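[1] return a 3D structure for these sequence lines:
(one chain, ligands or ions: 1)
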Amino acid sequence: MAILDASLDELRATRTSIKWRAYDPDVIPVWVAEMDCAPCDPVVEAIEGALRRGDVGYAAPGPLEEAFAHFAKERWDWAVDPAQAMMLPDVMIGVGELLRANTRPDAAVVLSPPCYDAFFGFVQAVGRRLVTARLDANFRLDPEALEAAFQDAGPGAAYILCNPQNPMGTVHTADELAMLARLADRYDVLVVSDEIHGPLTHPGVTYTPYLAVPEASRGISVVSGSKSWNLAGLKIALAVPGADATASLGALHEVNTHGANHLAEIAHTAAYAHGAPWLDELRGEIVERRELLRGMLAEQLPEIRVTPGESTYLVWLDCTELGLADPARSFLQQGRVALGVGTNYDPHGRQFVRFNVATSPQVIGQAVERMAGVLH
Ligand SMILES: Cc1ncc(COP(=O)(O)O)c(C=O)c1O
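    Take a look at the predicted model:
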């Protein structure tokens, strides 16, 4: 078992991360994207060994890029040239710096909500104009919305792709990605693809890395093992340029690699090189937990619609039929359950909450019971 089968009290007693600290101790935290599991043995052994040996200096390029390239080839048949990849402190620092280096200060950045909440913050942090191209009603990329947004954004804009898409787990198809790439070329938009959830694609679903699509050669992907192997406390990322994007990645100053952490590099290298069996076990467990949540909601809160998900442990719940003014607030204040707040991911998302199922069945069960208690 990758995900711990522990009680809420056991988890709370052994964890000090933000998931467990942001709310009062009586609140069940199923909000932030951290899993309740220990890293896999190869990662623990690699970190333990490095600490014992005193291998605690600065990160050097090489092993992580090689391990990722091997993983990407084996898993997705995506050919990555390790020599072209650039180590970064984490995904969002990388995305933010790519925007800063490749767009003018008056340029726009296009997002497709519902999307990862920090995208909005980073567009604001780098001072670019936000333009949105909403996903369609089925949470798929919408060609018309994208074209209208790219026209509005003007030449020299950027688009942050979330592949797969947090919060609902849409896995964009090769055709959808090719459509995006063609539009981006036509309107001179740089696509930066955040692929942090890629390895968490559910069993049986085909994941396509953006740069594996021939039309996407001008894009840049940013990858990390931190979601898939639960290493948010040991962050690092890689930016990988498409065949025609080496200049765009080269626009990042070399100092951006300096924040990459050596222990994180060791951890992620071990994960990519030796963590595939654990990852595959985890992916099966995630689907089981998702089904568990779906079943419990069907029994206790049938008005909630569980939107279809094809990847990750985050489940996007449509609460419209509950008739609550602000579901996330009611679940927190009355139910004492902290969920992802819909409006953080989508300005029109008030009726949605995001549930993190990478926890024990007990915790999922308690959270659903408390949510149901708010209504009944
Ligand atoms: C889509 C997406 N990108 C990036 C991150 C954060 O990555 P990092 O900590 O490497 O910036 C998350 C975390 O949940 C995420 O869901």
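
[2] from here on, contacts and neighbour counts on C-alpha atoms
    Will do.

[3] any buried residues in stretch 203-221, and which?
    By neighbour count on 16 or more other C-alpha atoms under 10 Å, the buried set for stretch 203-221 is 207-213, 215-221.

[4] of the residues you listed, which is the nearest to the ligand?
    Nearest to the ligand out of the buried residues of stretch 203-221 is residue 221 (C-alpha to the nearest ligand atom; 11.4 Å).

[5] spit out the contact partners of the nearest residue to that closest one once chain neighbours are set aside.
    Leaving aside its sequence neighbours, residue 221 sits nearest to residue 193 (C-alpha to C-alpha, 6 or more residues apart in numbering; 4.5 Å). Listed by C-alpha atoms under 8 Å, 6 or more residues apart in numbering, the contact set of residue 193 reads 160, 161, 162, 163, 210, 219, 220, 221, 222.

[6] now swap in residue 324 and tell me
    Each residue near residue 324 by C-alpha under 8 Å, 6+ apart is listed here: 330, 351.

[7] pLDDT wise, what is it at?
    Note for residue 324: predicted pLDDT of 98.

[8] go on, residue 1?
    87.

[9] going forward, begin numbering at 599 instead of 1
    Taking 599 as the first residue, the last one we looked at is residue 599.

[10] that one contacts residue 881, doesn't it?
    No - the criterion here is C-alpha atoms under 8 Å, and residue 599 misses it with residue 881 at 10.8 Å.

[11] the more surrounded of the two?
    residue 881 (22 against 10; other C-alpha atoms under 10 Å).

[12] quick check: which element contains the more buried one?
    Assigned by DSSP states H and E, residue 881 belongs to helix 874-898.

[13] name the element residue 707 belongs to?
    Assigned by DSSP H and E, residue 707 belongs to strand 706-709.

[14] still on that earlier bit, my read is the residue nearest to residue 819 is in a helix, agree?
    No - assessed with DSSP: H, G, I helix; E, B strand; the rest coil, residue 791 is strand; it does not lie in a helix.

[15] how close does it get to residue 692?
    Distance, residue 791 to residue 692, by C-alpha to C-alpha, to the nearest Å: 11 Å.

[16] okay, and for the stretch 849-974 of the chain, where does confidence drop off?
    For the stretch 849-974 of the chain, applying pLDDT under 70 flags no range at all.

[17] any idea how far stretch 661-671 is from the middle of the chain?
    Distance of stretch 661-671 from its chain centroid, counting by C-alpha atoms, centre = their mean, to the nearest Å, is 19 Å.

[18] pull out the buried residues from that stretch.
    Buried residues in stretch 661-671 (16+ other C-alpha under 10 Å): 661, 662, 663, 664, 665, 666, 667, 668, 669, 670.

[19] hang on, the last one is in a strand, isn't it?
    This means residue 670. No - counting by three-state DSSP, residue 670 is not part of a strand but helix.
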